[in-house]
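Visitor: no sequence for this one, just the structure:
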Ligand SMILES: [Fe+2]
Ligand SMILES: [Fe+2]
């Protein structure tokens, strides 16, 4: 995975997060428990969002550091990842499983927070990684 791949993945994630956020808002506002939608939120967090964090830590963060991202900024991103993992864990423990017979309002609120935090984090990374790419482009065109 390189910076180009991560741009595409962030674009897909942001689009999906917007949809999920609308779904979760509907569940919260209507108070109607929708197991299918809730299961999809559960799937997205476990199968898409959390693996994305792991992939980034393995493949993108070392490149970003090598490309000149200051270590203290990288620490900030890593802290964000830990917070997102904690929120995901709290969401699971609040009843996010789609099999609950009642509306787990706590889970809805935590999921809303998680989705917002994930979206903000992805946008921050997009701007940092785009700056890095631009500076790499400038450096390589200077040395050409
Ligand atoms: Fe990230
Ligand atoms: Fe990301």
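Guide: Sure, I can see it. Bear in mind the structure is a predicted one, so any value in this text is a computation, not a measurement. Ligands and ions are numbered 1, 2, ... in the order given.
Visitor: so where's this protein shaky on pLDDT?
Guide: 1, 98, 100-103, 138-144 (pLDDT under 70).
Visitor: that one against ligand 2: which residues are in contact?
Guide: Counting by C-beta under 5 Å from the ion, the chain comes close to ligand 2 at 122, 125. C-beta here means a position set from N, CA and C on the backbone, and glycine is covered the same way.
Visitor: show me the contacts for residue 41.
Guide: With contacts defined as C-beta atoms under 8 Å, 6 or more residues apart in numbering, the neighbours of residue 41 are 20, 23-24, 96, 111.
Visitor: same thing but at 6 Å, please
Guide: Remark: with contacts taken as C-beta atoms under 6 Å, 6 or more residues apart in numbering, residue 41 is in contact with 20, 111.
Visitor: the helix or strand hosting it: which residues count as buried?
Guide: Using DSSP states H and E, residue 41 falls within helix 35-43. Judged by neighbour count (16 or more other C-beta atoms under 10 Å), helix 35-43 contains these buried residues: 37-38, 40-42.
Visitor: mind listing the helices for this structure?
Guide: 3-30, 35-43, 50-55, 61-66, 71-93, 105-143 (DSSP state H).
Visitor: and the last one, how far out from the chain middle?
Guide: Right, helix 105-143. Distance of helix 105-143 from the chain centroid (C-alpha atoms, centre = their mean, to the nearest Å) equals 9 Å.
Visitor: other SSEs contacting that helix?
Guide: helix 3-30, helix 71-93 (3 or more C-beta pairs under 6 Å, 6 or more residues apart in numbering; DSSP states H and E).
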